[in-house]
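Sharing a model prediction with you, sequence too.
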Amino acid sequence: MTDTAALPTNLAGPVFALVGNPNCGKTALYNLLTGARQKIANYAGVTVERKEGRLKTQTGRLVRILDLPGAYSLRPRTPDESVTCDTVLRRLPGEVAPSAIVAVVDATNLRRHLRLVLALKRLGYPVVVALNMVDLARRRGLPIDGALLSHELQVQVIETVGIRAHGADALIQYLENFQTQDGRSSLSDDATHLSVSDSEAIAADYVEVERILAACRLDVVPLGTISDRIDRVVLHPVLGPLVLISILFLMFQAVYRFAKPFMELFTDLVGWLSVTVGSLLPPGILKSLLVDGVLAGTGSILVFLPQIITLFGCIILLEDSGYLPRAAFLLDRLMGSVGLSGRAFIPLLSSFACAIPGIMATRTIPGARERLVTIMIAPLMTCSARLPVYVLLIGAFIPDRNLSFGIGLQGVVLFSLYVGGVVAAFAVASVLKFFAKGRAVNPLQMELPTYHWPSMRNLVLGLVERVKIFVGRIGSVILALTIVLWFLSSFPVAPTDFVGPAIEYSYAGRIGLALTHIFAPIGFNWQISLALVPGFAAREVAVGALGTVYSLAASGKDVAGQLAPIIAANWSLPTALSLLVWYVFAPQCLSTLATVRRETNSWRYPLLMAGYLFALAYVAAGITYHAARWLGTDS
Amino acid sequence: MSELPIAQEARVVALVSPLGDRSDTIERLAELGFVPGERVLLLARALFGDPIAVRVSSGTFALRLAEAACIRVELVSVAS
C-alpha cells in the first residue's frame, strides 16, 4: 500500500487532486498512477475518503496524488462529497492542499461531467482534463477528439483508460513535465464565493457545455443501447425482483456448493500437516503449542478460505457489472417503508463482506438520520467473518440433503441465516422509525451506471487482496489470540488428583465455567462461552478457539481441521441452533464499534449498538434453544 | 415527469418545487442534468410505480416520485 499519512505541504513535489463526478474512474487512474490497490467498482460512491499516494516518474520526480470521492458539484449534499469540496476549497487546515487539479471526466458522459470541469476552472487552479474511458466511448461510435475538445475547453486534455495497464502513461508524462508553480498564488481569492454556484451559474455552464459539445459534434444522446435493453428486464416491476432474488440465492448456493470440494481439500491438508508435525516432535509443551494451539486454532479458520473467496468473487462481479444500483432501485420502495431509501442498499450490501467498509459507505447517504439508522443496522448483515461459524455448524448438524433442482438443504439453511439478519435489520429500522421526529422524505437521485463486463483484472486483483487480508489476519491477530488461548487452556496444569477433564482446571476452563452462569440458559456449554470472548476481537477466532479447546481436551488424537465431527458428537442440536442464531445478531467485533465511534463522533451510538445487539442475540438464541428442545429435537 | 408513459421522449420545461421547501432537491436535479431544454425519457417504473428510472442526456438516474414531481416536462413529437 503506497498510501502515506498526510505530510506537510512543501515536503515533496506538486500535489495533484483527482476530481470528478462519481463513477468516472478516478480511483482506477489513482491505482495506475501510484501502484495502489484501492477498490474500484461500477457504481457511484465507491471511494468515500481522501487517499494520498506517490508517483515517482522515470526521471525520478516525485509527484503526490490525492484520490477524492466523486462529487456532482462543489455544493456537497453528502459527507463524502464534503470531503472533496473541503479539499478543493482548502477548508481543511493542516491537510495537504492540492497545487493542481486533474479533472477526470467520463468520455461517454461528457455533458454532465464537463459542467464540473467549468466550475473547477473558475476556482483558478491549474486544471488538466483526463478524458477517461475513451476506449468505451469510441466503441460506441462517439467521435471523441481530445485535441478539439482541448481547443474548445481551453484546457489541456489527456486521453486515458483507467482500467488498462499503461492507460495513464500520457497523464504520467504530463505530470512529469508539469512546471511547479505556487498554486496558492494562482488560486482566486474569492474561491469560496465562486464555488457557490446558483441555478443561473449552472444554466450558464449548461449553455457553454452545449456549445462545446456542438463544436465537437458530440451533442447526440444515445438511446436503445445494450444497457437499456438489459434494464428493460432488470428494472421490470415483476421480472426485476425475480432476477434479484435468483442472483442472491445463486450466490449463497455457490458459497456452499462450489467452495465445498476445495474446503475438504484444505481440511485434509491441515489434518495431514498436524499429523506430520505431531509425529516429528517429541510429546511435550512445544508439540502441544504447535499442534493443539497454532495448527488447531488457525487451521480450523484457514479451511474456510474457499468460501470467503467465493463470496467475495460474487460481490466483486456484482459491484463491477453495475447491477448494484439497479438492485437498490428495486428495493427503494421496500426500504422506504422502514424509513430508509435505496441509497442505504449499497452500504448494507457491503456489510455482507465486512461491516467496516459498509459503515464507511454510509457517507454517500445525504440524510443524517437515514445515515445513522443505516449504521446501526449494518452489523445485522452477516459479515464474512461469521461465515466460518455458520459453515462449521451447518456442516456438523444439518444433513447434506439434496432438495430438488440441485438445491442443497445446507445452502438453504445458510441463505435463511442471511435472510434472518436482513429481516431483523428491517425490524430494527422500523422500530427506529417510530422514534423519528417529523417525516422528511429521503432523496434518492441515484445514478444507474452503464453496465460493464466485469474486468478479469479487477476480479483477480480484488481476490488476491482479499486472500492477503484473510491470511494476514490469521497470521497476526488470530495467531496471537490462539496462542494466548492455548496458554490459558494449558495452565495451570491440573494436579493428579483433579477429578474431571484437565482442561477444566486451567484458566480458560475456569473463565468458561464462570461464563456459563450467563450463557447456560441459552444452551451454551463452557467451551462455547469461552470461545465467544476472543470472538470480540475477530469473529472467526470463535472457531479457532473451539479448535484449540477441543484439541487439547481430545487427549492424543489429532483433531486440527476435524472440528465438525467433534462438535457434532458433543453438542445437542438445540445448542447448535442457538449458537447459529446467536451469531446472526452477535454483538460487533471491537473494530466495528471503533469505526462507528469515528463515523458518528460519539460513544453513544457504539455503546447503544453493542447493547441492543447483545440483548437481541441473547433473547433470540434463548427462544431458539427452548423452542428446539420443546419440539423434541434434543434426543 | 412522473406521469409520462414509458419510453416517451419529453423535454424539460422547468424545475418547480410544489412544496416550496425543496430548493435543495431542485438544485441537485439541475446539477444532475435536469435543466430546461434537456431531453428526458422515462425508462422504467419499479413495483407500485415508485421510484422511476429516468434517462437524461447520457446518464440514467433513479428518482422518487416526489423528486420527479419537481420536473415539468412537455412531450416531444416524434418528428422532431
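It's in. None of the values given here were measured: they were computed from a predicted structure.

just the helices in the stretch 101-250 of chain A please.
For the stretch 101-250 of chain A, helices defined by DSSP state H, counting those that start in this stretch occupy the ranges A:110-122, A:134-139, A:146-153, A:169-177, A:183-186, A:191-195, A:199-215, A:226-234, A:239-253.

If we look just around chain A, which residues of chain B are in range?
B:24-33, B:35-36, B:39, B:41, B:43-48, B:50-51, B:53, B:55, B:57-64, B:66-67 (C-beta under 8 Å from any C-beta of the partner chain). Using the backbone N, CA and C atoms, a C-beta is placed for each residue, glycine as well.

Give me the buried entries from those.
Among these, those classed as buried by 16 or more other C-beta atoms under 10 Å in any protein chain shown are B:25-33, B:35, B:39, B:41, B:43-46, B:50-51, B:53, B:55, B:57-64, B:66-67.

Out of those, name the ones that lie in helices.
Among these, DSSP state H puts B:25, B:26, B:27, B:28, B:29, B:30, B:31, B:32, B:66, B:67 in helices.

Touching, the third one and residue A:72? I think so.
Okay, so that is residue B:27. No. Residue B:27 is beyond contact range of residue A:72, at 10.2 Å (criterion: C-beta atoms under 8 Å).

picking that back up, ok, so of the ones in helices among the buried ones among the residues of chain B next to chain A, who is nearest residue A:261?
Closest approach to residue A:261 among these (C-beta to C-beta): residue B:32, at 47.8 Å.

gap between residue A:393 and chain B?
36 Å (C-beta to the nearest C-beta, to the nearest Å).

So that residue: helix, strand or coil?
helix (DSSP: H, G, I helix; E, B strand; the rest coil).

what stretches of chain B score poorly on pLDDT?
For chain B, the stretches with pLDDT under 70 are B:18-22, B:77-80.

the strands in it, which residues?
Ranges of strands within chain B are B:9-15, B:39-45, B:52-56, B:59-63, B:71-75, based on DSSP state E.

Direction included, what does the third one pair up with?
I take that to be strand B:52-56. strand B:39-45 (antiparallel), strand B:59-63 (antiparallel) (DSSP bridges).

could the ones you listed go into CSV alongside distance to residue A:552?
Formatted as CSV, the strands paired with strand B:52-56 follow (distance: least, C-beta to C-beta, whole Å):
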stretch, distance to residue A:552
strand B:39-45, 59
strand B:59-63, 55
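
Indicate which one of these is closest to residue A:49.
Per C-beta to C-beta, nearest to residue A:49 of the strands paired with strand B:52-56: strand B:59-63, 24.5 Å.

if I pick the residue of chain A found nearest chain B, what's in contact with it?
Nearest to chain B in chain A, going by C-beta to the nearest C-beta, is residue A:235, at a distance of 3.7 Å. Shown in contact with residue A:235 (C-beta atoms under 8 Å, 6 or more residues apart in numbering or on different chains): A:326, A:329, A:330, B:43, B:44, B:46, B:53.

can you give me phi and psi for it?
phi -100, psi 0 (degrees, to the nearest 10).

ok, and the closest non-adjacent residue to the residue in chain B that chain A sits nearest to?
Nearest residue of chain B to chain A: residue B:44, at 3.7 Å (C-beta to the nearest C-beta). Distances taken as C-beta to C-beta, 6 or more residues apart in numbering or on different chains place residue A:235 nearest to residue B:44, at 3.7 Å, with adjacent residues excluded.

and if you look at residue B:24?
Residue B:24 sits nearest to residue A:77 (C-beta to C-beta, 6+ apart), 7.3 Å away.

wait, the one you found sits on residue A:366?
Yes. Between residue A:77 and residue A:366 there is a contact under C-beta under 8 Å: 4.8 Å.

and for these two, which residues touch both?
Common neighbours of residue A:77 and residue A:366 (C-beta under 8 Å, 6+ apart) are residue A:443.

ranges for the helices of the stretch 251-400 of chain A?
Using DSSP H, counting those that start in this stretch, helices in the stretch 251-400 of chain A cover A:260-280, A:285-287, A:296-302, A:305-321, A:324-336, A:345-350, A:355-361, A:368-377, A:387-397.

can you give me the offset of the third one from its chain's centre?
Going back to what we said before, that points to helix A:296-302. 23 Å (C-alpha atoms, centre = their mean, to the nearest Å).

which helices and strands sit right next to that helix?
helix A:260-280, helix A:387-397, helix A:479-490, helix A:541-553 (3 or more C-beta pairs under 8 Å, 6 or more residues apart in numbering or on different chains; DSSP states H and E).

Give me the contact list for it.
A:266, A:270, A:273-274, A:388, A:392, A:471, A:474-475, A:478-479, A:481-483, A:485-486, A:540-541, A:543-548, A:550-551, A:559-561, A:563.

can you pull the alpha-carbon coordinates of that helix into PDB?
What follows is helix A:296-302, C-alpha atoms only, in PDB (Å, rounded to 0.1, in the frame of the first residue of the first chain):
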ATOM      1  CA  ALA A 296      -5.800 -26.500  15.600                       C
ATOM      2  CA  GLY A 297      -6.600 -22.800  16.100                       C
ATOM      3  CA  THR A 298      -5.500 -21.200  12.800                       C
ATOM      4  CA  GLY A 299      -6.000 -24.300  10.700                       C
ATOM      5  CA  SER A 300      -9.700 -24.500  11.600                       C
ATOM      6  CA  ILE A 301     -10.200 -21.000  10.200                       C
ATOM      7  CA  LEU A 302      -7.900 -21.300   7.200                       C
END
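
buried sites along stretch A:282-297?
A:287, A:288, A:289, A:290, A:291, A:292, A:293, A:294, A:295, A:296, A:297.

Wait, the first one touches residue A:278, no?
In this case it means residue A:287. Yes. Using C-beta under 8 Å, residue A:287 is in contact with residue A:278, at 6.4 Å.
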